[in-house]
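Q: got a sequence here, can you model it:
(2 chains)
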Amino acid sequence: MTAPSLSPAGPATTGPARPVPRPMRRRRGGLRSERLAPLVLLAPAVLVIVGLRLWPLVLGINFSFTGDGDRDGQAVGFDNYLTLLGDPLFRTALRNVGLLVLLLPVAVAVPGLLATFIYLKVPGHRVHRGVYFFPAVLSPVIVGAIFTLLLAFDGPVNALLGLAGLGPVDWLGDPDVAIFAVVGVHVWATFGMGLVVFLAGFATLDRSLLDAAEVDGASLAQRIRHVVVPGLSRTIQFVFVTTMIGLLTSMFGLVYVMTSGGPEGSTYLPEYYVWIQQGQFGQPALASAASTALFLIMLVVGLAQVAVLRRSGRED
Amino acid sequence: MTGTRLTRWVVAIPMALLALATVYPLVFTANVAMKTRREYVLDRFSPAGSLSFDNVVRAWTSVGMSRYFLNSVVVVTCSVALLLLLGSMAGFVLARLRFRGSSVLFLGVLAALFIPFQVIMVPLARIMADTGLLDTYPGLVLAYVAQFLPFTIFLLTSYYSTVPAEIVDAARIDGNSVYGVYWRIMLPIGTPALLSVGVLNALFCWNDVLISLLVMPSAEHRTLMVGVTSLRGQYSDDIPTFASGVLIAAVPVLLVYLFLQRQIADGVTAGSTKG
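A: Okay, the predicted model is just below:
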């Protein structure tokens, strides 16, 4: 449930609360230890980040161009990437990423709409915020474990379908259904996250604009379309990006617990593929190539999103 | 006007159902955990005959959940303490002190924020193996610190940027060193932000399974979440014990959520509205 923040803050562009960055240099010259203090305070953090995040990134990209097994350490050019493209499991993983990207607008619209209704004080709105958010703090492992019980063939979900006169569905055993079940559970577990972010956005929205629109006779749909959406463009952008990052990087626990990539490899995602190649099949170089591919996918999707959203933001 | 009120009720009912659907899975699991195996097989939906914690006790004692629980507590505590210490020191410097290269460093932290763990997991495992940190507590703690430090620094930098310069200046005039300003002014003033980012980090670390699987693979070092995944295979025919294990892993998180909802939401929403 990582929530990377996107707002520019800190020394690069200072916020309004801090007029002029005033260097702390009261004592002229200062002691040597004083001058070194910033570096001393920063050093541990910089060491950890460079050593265990930036360096592995470089290492991994480099690693993806070397061989596995007999060819360990040898440069093999794009061989690993060609192997990936030929691997049906990786192709399934890519197809599933495509599915996730297609479902992204739904995963954003659901919390967006719910937040709108809560903001407009639908009956029960006080309770909803807290209740909707709570699955978001649970581990994907716990959520996955709970849903293996719920989605079992003789579990509650099928019992509910039975009450409605529908036949039972083999949620986690049918290759055509399983990926939707897993993604559905992910959305169930995380929509509260987007909801809370949307509500924070609403807190900055000018209420009088909405009231004016209502007085002018705008319907609910019109008010959402013309007042809420433009007013929250930055929040919507934030939720889009964080939801996408969540879809692409935090479903490992769910897949691991619910389906282990099955049935017939139908629930493979790139992150699960990386883990299997590294941990089970002992092919770290191939795994690195898959990692790098995942990174590129995220960059491309992310940049495309920002571009699209920026253009739509300008029209309003 | 009546139209609007009608719309509200039309929306309210599905929303209430959704709230029910959000809570029910956990209620179901808790109920299963209270049942005997026989009760579960006969009817999995009826309320448990008696409020019996036998399964929970069994999961805690004989299944090894207590060991996993302790592992998690140790690792999460150390990780969060280290994250807050390193994060607040770096955040203070980046927000308050100007020196050659400080904005480059800040950009470096920002860039590190966007590196997903999946992209660096293979080389990280190799680095850990090469340095003898693989399958050790310090190794996992370091992995967590590395994973969540950029986010921590980012949040604390924005927070410290809002501390009025006058407070810092006054402390300097009173004769505090840079370290004194950090220790006596910034740390205490930052308590709300530290609490928020600390709770969030604790949740991230407690809930993680991928990093833990990768860095601490051996059975006796398992963290709680890895322990839950291992229950699945072992207890597939003893669902009540399995549900009890899940419950043991979920309860601490639910308690934290109950008491610190506000702080969690603050951390999640930081940076989401206008900068």
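Q: contacting residues around the residue lying closest to A:Thr249 once chain neighbours are set aside?
A: Excluding the flanking residues, the one nearest A:Thr249 by CB to CB, 6 or more residues apart in numbering or on different chains is B:Pro116, at 4.4 Å. For the C-beta atoms, the positions are set from N, CA and C on the backbone; glycine is no exception. Contacts for B:Pro116 were tallied using CB atoms under 8 Å, 6 or more residues apart in numbering or on different chains; they are A:Ile245, A:Leu248, A:Thr249, A:Leu294, A:Phe295, A:Met298.
Q: state the number of residues packed around whichever residue of the stretch 101-250 of chain A sits closest to chain B.
A: The minimum distance from the stretch 101-250 of chain A to chain B, using CB to the nearest CB, falls at A:Ser139 (3.4 Å). Other residues within reach of A:Ser139, judged by other CB atoms under 10 Å in any protein chain shown, total 26.
Q: next, the contact list for it, please.
A: So A:Ser139 contacts A:Gly253, B:Trp206, B:Asn207, B:Asp208, B:Val209, B:Met225, B:Val228, B:Ala249, B:Ala250, B:Val253 (CB under 8 Å, 6+ apart).
Q: quick one, phi/psi of it?
A: According to degrees, to the nearest 10, the main-chain angles of A:Ser139 amount to phi -70, psi 140.
Q: okay, it: pLDDT?
A: According to the model's per-residue confidence, A:Ser139 sits at a pLDDT of 92.
Q: what's the answer for A:Gln278, then?
A: If you check A:Gln278, the pLDDT there is 86.
Q: okay, it and chain B: tell me how far apart.
A: Look at A:Gln278 and chain B: by CB to the nearest CB, to the nearest Å, they are 5 Å apart.
Q: residue nearest the centroid of the chain?
A: All of this refers to chain A. A:Gly246 (1.7 Å; CA atoms, centre = their mean).
Q: oops, chain B please
A: With distances taken as CA atoms, centre = their mean, chain B has B:Leu203 as the residue nearest its mean C-alpha position (1.4 Å).
Q: next up, the contacts around that one.
A: Residues touching B:Leu203, when contacts are defined by CB under 8 Å, 6+ apart, comprise A:Met1, A:Val137, B:Val253, B:Val256, B:Ile264.
Q: got phi/psi on the last one?
A: Summarising the backbone geometry of B:Ile264 under the convention degrees, to the nearest 10, its torsions are phi -60, psi -50.
Q: these two touch, right, it and B:Leu258?
A: No: checked against CB atoms under 8 Å, the pair B:Ile264 and B:Leu258 is beyond contact range at 10.6 Å.
Q: the more surrounded of the two?
A: Set B:Ile264 next to B:Leu258 and count neighbours by other CB under 10 Å: B:Ile264 wins out with 22 against 10.
Q: OK, contacts around A:Ser208?
A: Contacts were defined as CB under 8 Å, 6+ apart; by that measure A:Ser208 touches no other residue.
Q: centre of the chain to stretch B:260-271, how far?
A: Distance, stretch centre to chain centre, for stretch B:260-271: 12 Å (CA atoms, centre = their mean, to the nearest Å).
Q: quick one: A:Phe133 from B:Tyr257, how far?
A: If you measure A:Phe133 against B:Tyr257 using CB to CB, to the nearest Å, the figure is 8 Å.
Q: between these two, who's got more neighbours?
A: For A:Phe133 and B:Tyr257, the more surrounded residue by other CB under 10 Å is A:Phe133, and the numbers stand at 24 against 19.
Q: which helix or which strand is home to the more buried one?
A: A:Phe133 is located in helix A:125-133, with elements delineated by DSSP states H and E.
Q: list the buried residues of that helix.
A: For helix A:125-133, burial by neighbour count (16 or more other CB atoms under 10 Å in any protein chain shown) applies to A:His125, A:His128, A:Arg129, A:Val131, A:Tyr132, A:Phe133.
Q: list the contacts for the second one?
A: So the one you mean is A:His128. Contacts for A:His128 were tallied using CB under 8 Å, 6+ apart; they are A:Leu114, A:Ile118, A:Val122, B:Met15, B:Ala19.
Q: switch the cut-off to 6 Å
A: Residues in contact with A:His128 (CB atoms under 6 Å, 6 or more residues apart in numbering or on different chains) are A:Ile118, B:Ala19.
Q: how about the residues of the stretch 101-250 of chain A by chain B?
A: Applying CB under 6 Å from any CB of the partner chain, one finds that the stretch 101-250 of chain A approaches chain B through A:117, A:122-124, A:128, A:131-132, A:134-135, A:137, A:139, A:141-142, A:145-146, A:150, A:196-197, A:200-201, A:204, A:220, A:234-235, A:238, A:249.
Q: dump the helix holding A:Phe133 to CSV, restricted to CA.
A: Extracted C-alpha coordinates of helix A:125-133, given in CSV (Å, rounded to 0.1, in the frame of the first residue of the first chain):
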residue,chain,number,x,y,z
HIS,A,125,-22.0,9.2,5.1
ARG,A,126,-20.4,9.5,8.5
VAL,A,127,-20.0,5.7,8.9
HIS,A,128,-19.0,5.0,5.3
ARG,A,129,-15.7,6.7,5.2
GLY,A,130,-14.3,4.6,8.1
VAL,A,131,-15.8,1.4,7.0
TYR,A,132,-14.8,1.6,3.4
PHE,A,133,-11.2,2.5,4.2
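Q: leaving out sequence neighbours, find the closest residue to B:Met121.
A: Using CB to CB, 6+ apart and skipping the chain neighbours, the partner closest in space to B:Met121 is B:Leu214 (5.7 Å).
Q: circling back: so the residue nearest to the centre of chain B versus A:Leu103, what's the distance?
A: Here B:Leu203 is placed at a distance of 25 Å from A:Leu103 (CB to CB).
Q: so A:Ala218: helix, strand or coil?
A: Using DSSP: H, G, I helix; E, B strand; the rest coil, the secondary structure recorded for A:Ala218 is coil.
Q: can you give me the strands for chain B?
A: Secondary structure of chain B by DSSP state E: no strands are present.
Q: what's the weakest-modelled helix or strand in it?
A: Confidence across the helices and strands of chain B bottoms out at helix B:37-42, with a mean of 80, counting by mean pLDDT, DSSP states H and E.
Q: check whether it contacts chain A.
A: No: applying CB under 6 Å from any CB, one finds that helix B:37-42 is not in contact with chain A, the shortest distance being 9.9 Å.
Q: for the stretch 151-275 of chain B, what lies in contact range of chain A?
A: Within the stretch 151-275 of chain B, the residues that sit near chain A (CB under 6 Å from any CB) are B:154, B:157-158, B:161-162, B:165, B:172, B:178, B:203, B:207, B:209-210, B:225, B:228-229, B:246, B:249-250, B:253, B:257, B:265, B:268-275.
Q: any low-confidence regions in chain A?
A: Where chain A drops to pLDDT under 70, the residues are A:1-30, A:309-316.
Q: let's see 50
A: Within chain A, the stretches with pLDDT under 50 are A:1-20, A:26-28, A:315-316.
Q: same question for chain B.
A: Low-confidence segments of chain B, defined by pLDDT under 50: B:1-2, B:274-275.
Q: B:Thr152: how many residues sit nearby?
A: Taking other CB under 10 Å as the neighbour definition, B:Thr152 ends up with a count of 28.
Q: again, but for B:Ser62
A: Considering only other CB under 10 Å, B:Ser62 is surrounded by 10 other residues.
Q: what do you get for A:Phe153?
A: Here the number of neighbours of A:Phe153 (other CB under 10 Å) works out to 12.
Q: what number of residues lie near the residue nearest to B:Val145 when sequence neighbours are not counted?
A: With sequence-adjacent residues excluded and distances taken as CB to CB, 6+ apart, B:Val145 is closest to B:Leu82, at 5.1 Å. Residues lying near B:Leu82 (other CB under 10 Å) number 19.
Q: again with A:Val169
A: Counted with other CB under 10 Å, residues neighbouring A:Val169 total 15.
Q: ok, and the closest non-adjacent residue to B:Ser177?
A: In this structure, B:Ser177 finds its nearest non-sequential neighbour in A:Glu34, 6.1 Å apart by CB to CB, 6+ apart.
Q: which SS class is the one you found?
A: Using three-state DSSP, the structure places A:Glu34 in helix.
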